[in-house]
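Undergrad: Next comes the sequence, and after it the predicted model I'd like to discuss.
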Amino acid sequence: MLSLFSGIFKVQQPTERGFGWADVIVLAIVISLIYAGVRLAIDTPDQIAGPTISLAPEALPYYAIRSVGRMAAAYALSLIFALVYGRVAAYHHRAEQILMPLLDVLQSVPILSFLPVVLLSLSAVLPQAAAAELASIVLIFTSQAWNLVFVWYQSLTTIPNELNEASTTFRFGTWLRFRTLELPFAAIGLLWNSMMSWAGGWFFLMAAEIFTVGEKDFRLPGLGAYLQEAANQQDYRAIAWGVATLLLVIILLDQLVWRPLLAWADRFKLEMVESDNPPTSWFYNLLQSTRITTWLGQRVYRPISEALDMALGRFGQPATNPEATVRQRRPWPAYLLALALGLAVVYGLEQAGELLAQVPASQWMEIALGVATTLARVLIALGIALAWTIPVGVLIGTKPRAAAVLQPIVQIAASVPATALFPVLLLFLLQQPGGLNIAAVMLMLMGTQWYLLFNIIAGATAIPQDLKFTTTLLGLHRLERWRTLILPALFPYIITGAITASGGAWNASIVAEHFHFGGETHHVTGIGALIAAATASGDFPLLLAATLSMILVVVLINRLFWRRLYRRAEEQFRME
Amino acid sequence: MKNAHLLELRGVTQKYGRGERRFTAVEKVNLTIDEGEFVALLGPSGCGKSTLLRIITGLNQPTEGLVIYRGQPLTGVNPHATIVFQTFALFPWLTVQQNVEVALKARGMPAQLRTVRAIELLDLVGLDGFETAFPRELSGGMRQKVGFARAMAVEPELLCLDEAFSALDVLSAESLRGELLELWTSGSIPTKAILMVTHNIEEAVLMADRVVVMDKQPGRVIADQKITLPHPRQRKSPQFLELLDRVYAQLAGQTQPEYIELGSAPGEAGRTRALPDVSVSELAGLLEFLDEMPGNRTDVYRLEQELNLGTDPVLALTEAAELLGFATIAKGDIALTPLGETFAEASILARKEILATRIRRLPMFRWLLAMLDAADKGQLDRDVVRLALELEFSPEEAARQVDLAIQWGRYAELLAYDDNTETIFREPAEVAAG
């Protein structure tokens, strides 16, 4: 199973050049979208009462179901979005030129600062409870969708040519092609990324459930709200119950959903060789041996899929190569639509500019200072993460015996959302001097170190055995061995992990640098704190300015620093 | 007038890229295939034979020209043709039977009929008992049988084989060839014609009724040879060997006068001769082998067995030897020149010198060295050279040509190359001397 990681993690980074015109367009679109949200948000009522959260353990199953329901809804939305978006990007060359850079920027957008905008603009048009539910789903969606789109797009564009040609010569329609070629080919990648998406989703679910903007209380009944309430009241018993329930839910999902799916999806591997140790799942084996499953398969699944195949099989007969068919002339409504969209973007930009003009110079200074301090925190968190994940990752990746012990622990630990444990952590850290700063860095660390660890495990597993033998035969010392073999081999994986991790850390700064606890508001200097504070006080010009600054800085750092390093790593240190 | 041909290509040309970088893969190909014919399309790699197959099946649209099937111009995928792929192109997540059935499903055949038909075909190719196996559980030969069963399931009139035997081990390939011939000659499949793309001359002569020979740069048909030997054909029979020799002679060509042989420099009028895709040490191996043959000569077709190489590498090697003046080729024979003999017997240092003097004569190298001398600090970016070569070659070929030039130039110590910065230099000694 470890070897699977290598397949999953190396697909992530598109290696384009620096800034292009597409990026400019994309940024313009993003800015005007955010502006539209802010515009709506300004019109919400000043006071909104939230639900009361019961700390009784009996309420926990209900809260758990609500939380999981939100996650599932958001995930379904993400999957549908990914399938459509990725397919359009993969098959329409012109759309691809906008869609892929757009995706790249959307990925760098601090999701949490989107929440107030989404929430308030939704509550301007919907009843409050529905708006809060929908906002939390949208927020979780934004944390789940992007990597799904990437992996789906990557799969579609890397389908082996001969399978594509076979599907075309045997005249598969769009549906049959999707069902027999595209989906199976992408299945494993989609599955692993779905698991990552769920882990990321928990993180944001916790934040989304405990949301307040000034006097407006948007809390939602759920596990996150329960934990927050418990920590606020310093009710240790309730905290223990809450954390235990959360752990139980995560473990149940892992054992009853993800493991069986992984075991089942093993058949979709492209390799033409039997794998040594395919993923196994007791639950999957159990399901396979029951009569009900067989019955369902034969009486329900088979007829339905047959009917679908027959009904949908007629559509979209391939004319010739997929790429050749796109070169038709665009009809004029498409131009009209593009024009309308362009005008809307220009209007949004102009209005956003006006809003930004209201931000005084002193606040711009604060933003600059905030970016600098948050950058420092991100770097510290990244440094700490590297310091422990490299040795542990190499240990797990190279020593099967250590892996057998550590792997399950790491997987459970990684799936516990940092935001859930954060209130608990605060209970202890708030007493310490400089505790706020430590807490902020800790939260960033807890949320992001796992990306690094999993990438490093993947890299360490991929080190060729013969090179390891060679270093042993040459009698290289430990230090020499790390310098000549292990670190160079890990380099591309470390970079990939660090890109994701630092993006996550920036994002986490919004919850890490500013929080309510025990009825008080605590904050440290930082761009995340600025965004959170602007949200809390309803200062929308500042919110817009701070959010855009953060996006710009993150995108710039990605393009100018990480991408270059990544390309270098790809060219020089990739072992194939 | 009724068109008697099953398939006809009229002036088919395929170009890739745009503007200055336009590159011709196939040029003005005319070809007919009649009912009852087994045609082999033979040629070195890069001659566009696979492109032609994709045009014939409608996977690609030609840039110019017409594909006429049963008197009708073809638009879109040809519903009467299927392909058996070199790499099998089976869906790894479907069982053997599902792989065959899915082709029928695409034609809207109901489930019961599909199953019956699939099992029938799997029996026909001798895979009964393997219906529920996954492709990864099968050997290469058995996988290709599934490929054949799937192709025949849709009862194609025109069965196309795209190097269908070349990914198999020798024994499986041989037995599968025999089985296909038996199905074909006994008429137990409804197929009207077979088109086989291959680079294996022996396979073409063994199986086909007609061998159409193509050459590259640009891809075009250079010969059309009827084979009337009855099946089963004997590989060792004199008639067979004679045919083999004749086809080899067509493919390997004759050594031309030098000005034609060398071609022109990139950017100049006329065609730039591409460097054959061989390494210098392989070339040295060939020359040493010839040096040990009686009379320093042999039949080109024998090289394949003697050197244990495929047709493609053998042709590339003979072409390189010819281009550098180490050997001459006439009537299917290759003979070492005195220079080639000297090279074969020389020490490594002497070899480097001989190679250096020889490749300096090649217009491509003259051009490259002149560019380097004119360049700042006598160094050039690999990409600059590659882009310049894209005026003459397709992008992949241009990339390969740069790498070959670097490799040959390094051996001859005319060039140096830094892989980190991707720059090409004049060898320092050369700069001082020149």
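TA: All right, it came through fine.
Undergrad: tell me the SS of B:Asp224?
TA: strand (DSSP: H, G, I helix; E, B strand; the rest coil).
Undergrad: Would you enumerate the residues in contact with it?
TA: B:210-213 (Cβ atoms under 8 Å, 6 or more residues apart in numbering or on different chains). C-beta coordinates here come from the backbone N, C-alpha and C atoms, glycine included.
Undergrad: change it to 6 Å
TA: B:Val212 (Cβ atoms under 6 Å, 6 or more residues apart in numbering or on different chains).
Undergrad: Distance of it relative to B:Val39?
TA: Distance of B:Asp224 to B:Val39, given as Cβ to Cβ, to the nearest Å: 9 Å.
Undergrad: Same question for A:Ser54.
TA: 80 Å.
Undergrad: Mind checking which of these two has more residues around it?
TA: B:Val39 (23 against 15; other Cβ atoms under 10 Å in any protein chain shown).
Undergrad: who does that one bridge with?
TA: Here B:Val39 sits in beta bridges with B:Leu195, B:Arg210, as judged by DSSP bridges.
Undergrad: And what about the residue of chain B found nearest chain A, helix, strand or coil?
TA: At 3.9 Å from chain A, B:Ala89 is the closest residue in chain B, using Cβ to the nearest Cβ. Under three-state DSSP, B:Ala89 falls in the coil class.
Undergrad: how's the chain carved up into domains?
TA: Just going to use chain A. A:22-280, A:357-576 (automatic domain parsing).
Undergrad: could you do chain B instead?
TA: B:7-251, B:281-348, B:362-433.
Undergrad: For A:Ile557, find the nearest of those.
TA: domain B:362-433 (25.3 Å; Cβ to Cβ).
Undergrad: what about that closest one, near chain A?
TA: No. For domain B:362-433, no contact with chain A is found by Cβ under 6 Å from any Cβ of the partner chain; the gap never falls below 7.6 Å.
Undergrad: from the chain's centre, how far out does that domain sit?
TA: In terms of Cα atoms, centre = their mean, to the nearest Å, the centre of domain B:362-433 is set 27 Å apart from its chain centre.
Undergrad: can you check stretch A:237-251 too?
TA: With Cα atoms, centre = their mean as the basis, the mean position of stretch A:237-251 lies at 23 Å from the chain mean.
Undergrad: Which positions within that stretch qualify as buried?
TA: A:238-239, A:241-243, A:245-246, A:249-250 (16 or more other Cβ atoms under 10 Å in any protein chain shown).
Undergrad: likewise stretch A:64-73?
TA: Result for stretch A:64-73 [16+ other Cβ under 10 Å]: buried residues A:64, A:66-68, A:70-71, A:73.
Undergrad: What of stretch B:161-178?
TA: Result for stretch B:161-178 [16+ other Cβ under 10 Å]: buried residues B:161-168, B:172-173, B:176-177.
Undergrad: Go ahead and name everything in contact with it.
TA: B:53, B:83-86, B:140-141, B:196-198.
Undergrad: secondary structure class for the nearest residue to B:Gly65 once chain neighbours are set aside?
TA: In space, and not counting its chain neighbours, B:Gly65 is closest to B:Val12: 3.6 Å by Cβ to Cβ, 6 or more residues apart in numbering or on different chains. Secondary structure for B:Val12, judged by three-state DSSP, is strand.
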